[in-house]
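Trainee: Next come a sequence and a model predicted from it.
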Amino acid sequence: MDGTVSDEPSDKLGGDHVHVRVPAKINLHLGVGPLRPDGFHELTTVFQAVGLYDDITASAGTPGPAIGLSLSGPEAAGVPADERNLAWRAADLLAKHRRGSRAGVALSVSKAIPVAAGLAGGSADAAGALLACKELWKLDIDEAELDLLAAELGSDVTFALHGRTALGTGRGERLRPIDTPHEFHWVLAAASAGLSTPAVYRELDRQRAAGSERTTAATSAGEVAPLLAALVAGDYGALGELLINDLQPAALALAPQLSRTLKAGTEAGALAGLVSGSGPTCAFLAPNRIAAAAIATELKASATCRLAIPVVGNVHGARVLASP
Ligand code: C5P
């Protein structure tokens with residue numbers, strides 16, 4: 001996590017609100033192990049933060065401990081603006097964690113990350129709200145403590161705080177940063193209908209029980225070494241060969257039209273493509289920025305997706321762009 005601004009212009013420094021920007025993520029490797037007694041699956045995953053962002057602002061609300069939430073932006077439709085929202089829950093968790101702090105907050109979330117898309121948009125909003133409220137309420141909480149709260153909110157929230165590229169284990173919340181100086185070019189193809197993450201995991205369990213799907217991705221951290229080496233070396237060719245997602249067959253079973261999207265992306269010149277997380281967004285690796293723009297244009301023309309967005313991978317995690 002990076003709590004200061006360095007290479008981006010800040011808005012309204014000295015204003016009355018905290019502004020935090022948080023990226024979406026894709027999974028370059030998603031090895032799904034067995035279902036645990038707590039209802040989660042043991043994962044070995046490689047996350048990468050990509051340059052598609054939600055913006056969260058936090059300002060002092062009406063006097064008292066109330067949490068207010070408003071939503072805006074191109075992907076806000078259908079997102080609840082109440083306690084079902086992960087940003088709301090993040091503010092509530094932080095307030096309860098620091099009992100005695102009776103401050104409230106007015107949160108506003110501007111959504112550019114599609115919802116129920118496999119891009120951890122809800123997790124991004126939770127991470128943004130945690131960081132924004134910590135700043136607004138001037139809480140003395142260190143990174144490790146914030147990471148624990150993040151993990152309580154969801155498996156991907158800790159990664160949203162940290163960004164860049166990381167190996168995730170446990171249910172995805174235990175992170176080891178993968179230090180690579182390279183940027184990577186991707187095209188995200190968003191679908192018109194979302195997929196429920198629990199439903200996709202359930203479908204994988206069903207397929208496995210029926211014997212129709214075996215684990216294909218490595219589920220132990222040591223086995224992802226070739227992928228990590230490709231990331232560190234910036235070796236796009238090797239990276240394209242190594243992308244894998246155990247949830248992809250389940251996502252394709254629930255949304256069969258995604259196989260057309262995957263085909264359209266590779267025909268448009270992508271080095272490789274895969275379903276991101278539990279889907280339905282597909283992520284395509286492009287050889288460079290110009291190719292990414294061209295692939296996005298072709299994907300849009302193919303009418304196999306709702307949106308095609310070129311993005312840069314290995315960007316920062318949640319960070320404060322403005323603070324009172
Ligand atoms: O942690 P998060 O709220 O993102 O998880 C949503 C759902 O996805 C969980 O309730 C669970 O059904 C499924 N999941 C899982 N194993 C994981 C992460 C998520 O089964 N490691």
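Mentor: All right, it came through fine. Because the structure is predicted, anything quoted here is derived from the model rather than measured.
Trainee: Name the SS class of the closest residue to residue 53 other than its chain neighbours, please.
Mentor: Spatial nearest neighbour of residue 53, chain neighbours left out: residue 21 (5.0 Å); criterion: CB to CB, 6 or more residues apart in numbering. Backbone N, C-alpha and C define where each C-beta goes, glycine included. Three-state call for residue 21 (DSSP: H, G, I helix; E, B strand; the rest coil): strand.
Trainee: Could you count how many residues lie near residue 21?
Mentor: By the criterion of other CB atoms under 10 Å, residue 21 has 22 neighbours.
Trainee: separation between it and the ligand?
Mentor: According to CB to the nearest ligand atom, to the nearest Å, residue 21 and the ligand sit 21 Å apart.
Trainee: correct me, but that residue touches residue 321?
Mentor: Yes - counting by CB atoms under 8 Å, residue 21 touches residue 321, with 5.4 Å between them.
Trainee: partner residues bridging the residue nearest to residue 53?
Mentor: With DSSP bridges applied, residue 21 shows beta-bridge pairing to residue 55, residue 319.
Trainee: How confident was the prediction at it?
Mentor: As summarised for this prediction, residue 21 has a pLDDT of 98.
Trainee: following the helix or strand hosting residue 263, which helix or strand comes up?
Mentor: Take DSSP states H and E as the rule and residue 263 turns out to sit in helix 258-267. Using DSSP H and E, the helix or strand that directly follows helix 258-267 along the chain is strand 272-275.
Trainee: which parts of the chain sit against the ligand?
Mentor: Contacts of the chain with the ligand, taken as CB under 6 Å from any ligand atom, map to 39, 40, 41, 43, 154, 155, 156, 171, 172, 197, 198, 201.
Trainee: residues touching the second one, list them.
Mentor: Same thing as residue 40. 155, 171 (CB atoms under 8 Å, 6 or more residues apart in numbering).
Trainee: same question, the last one
Mentor: When contacts are counted by CB under 8 Å, 6+ apart, residue 201 touches 32, 35, 41, 247, 250, 278.
Trainee: now these: which count as buried?
Mentor: 32, 41, 247, 250, 278 (16 or more other CB atoms under 10 Å).
Trainee: ok, those vs residue 79, which is closest?
Mentor: Nearest to residue 79, judged by CB to CB, of the buried ones among the contacts of residue 201 is residue 278 at 17.4 Å.
Trainee: just to revisit the earlier point, turn the residues of the chain next to the ligand into TSV, including pLDDT.
Mentor: Shown next, in TSV, are the residues of the chain next to the ligand (pLDDT from 0 to 100):
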residue	pLDDT
39	94
40	95
41	96
43	95
154	97
155	95
156	97
171	95
172	95
197	96
198	96
201	97
